[in-house]
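[1] here's my sequence, what's the structure:
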Amino acid sequence: MSAKPAIEISGAGPAGLAAALAVMAAGQRPLVYERRADVGGRFHGDFQGLETWTTRGDVLEELASMGIDAGFDHSPVREFVCFDPEGTARTFRSLQPLFYLVRRGSQPGSLDYALKQQALAEGVEIRFDTTASHLPNGGVVTEGPHRADAIAAGYLFDTDMADGIYAVVSDDLAAKGYAYLLINQGRGTLATCLFEDFHNERKYLDRCVAFFDDK
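    Now for the predicted structure:
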């Protein structure tokens, strides 16, 4: 009996690996191509958020309904502080998590690593160091961005600060964008997200450091 033809997937990011798990659940054979040597190659332990405010249910429950285990480190966030352009702080709170703080990258505990481990455990074939932008037999293309609509510049660091989530909306700190400081369990991410004036990211980042240092 010949093997089932593979359903090809380009990209081993969260979307690609989620698609591969869905293909496996449907009784088919996924084949994932990833141009980098490992998952999460664009990240270095950066914090990101899995948000819950655009749906009625919890995002972890939604992932579970798709057969995706929450085997990655995740911290529920129910409160954060947002500064307006004048520097005035406003605190937002919710009884339910507003989002879950997760890490991105190839390290154990990250979202990318956990999805890779689950996919491999369920028999998904991943071919690293392999580019497959064009799938002549059809498939799923989940490659990362090919052009930048926005850029983020920032720092990752260890800290003894208390956990906290801080954001600021100010053109002085992030042109047409926003900046943030995320502290969780001794790790920190500080970044400016620019939608314009990309070549001056160092200037904005220095301003963000000074702003959060002051506040």
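
[2] which residues of the chain fall in strands?
    Listed in chain order, the strands found in the chain under DSSP state E are 6-10, 29-34, 47-51, 75-77, 79-83, 89-93, 99-103, 125-128, 140-141, 151-158, 164-168, 178-184, 187-194.

[3] quick one: those strands as a markdown table, columns for mean pLDDT, mean neighbour count and distance to residue 210 too.
    Backbone N, C-alpha and C define where each C-beta goes, glycine included. Listed next are those as a markdown table, based on pLDDT from 0 to 100; neighbours: other Cβ atoms under 10 Å; distance: least, Cβ to Cβ, whole Å:
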| stretch | mean pLDDT | mean neighbour count | distance to residue 210 |
| --- | --- | --- | --- |
| strand 6-10 | 94 | 21 | 42 |
| strand 29-34 | 96 | 23 | 39 |
| strand 47-51 | 93 | 18 | 21 |
| strand 75-77 | 96 | 18 | 25 |
| strand 79-83 | 97 | 16 | 13 |
| strand 89-93 | 96 | 10 | 16 |
| strand 99-103 | 96 | 22 | 24 |
| strand 125-128 | 96 | 16 | 41 |
| strand 140-141 | 92 | 18 | 42 |
| strand 151-158 | 93 | 15 | 13 |
| strand 164-168 | 97 | 19 | 12 |
| strand 178-184 | 96 | 23 | 11 |
| strand 187-194 | 96 | 22 | 11 |
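
[4] show me which residues of stretch 24-44 are buried.
    For stretch 24-44, burial by neighbour count (16 or more other Cβ atoms under 10 Å) applies to 24, 30, 31, 32, 33, 34, 35, 36, 39, 40, 41, 43.

[5] just the pLDDT for the closest residue to the first one other than its chain neighbours.
    The shortest distance from residue 24 to any residue that is not its chain neighbour, by Cβ to Cβ, 6 or more residues apart in numbering, is 5.3 Å, and that residue is residue 122. Confidence per residue is given as pLDDT, and for residue 122 that number is 95.

[6] same deal with residue 26?
    Reported pLDDT for residue 26: 93.

[7] can you give me the angle the lengthiest helix in the chain makes with strand 178-184?
    Using DSSP state H to define each element, the chain has its longest helix at helix 201-214. Note on geometry: by axes from the mean of the first three to the mean of the last three Cα atoms, to 10 degrees, helix 201-214 and strand 178-184 are set 50 degrees apart in direction.

[8] tell me the contacts of residue 11?
    Under the criterion of Cβ atoms under 8 Å, 6 or more residues apart in numbering, the neighbours of residue 11 are 32, 33, 34, 141, 142, 143, 144.

[9] cutoff 7 Å now
    For residue 11, the contacting residues are 34, 141, 142, 143, 144, by Cβ atoms under 7 Å, 6 or more residues apart in numbering.
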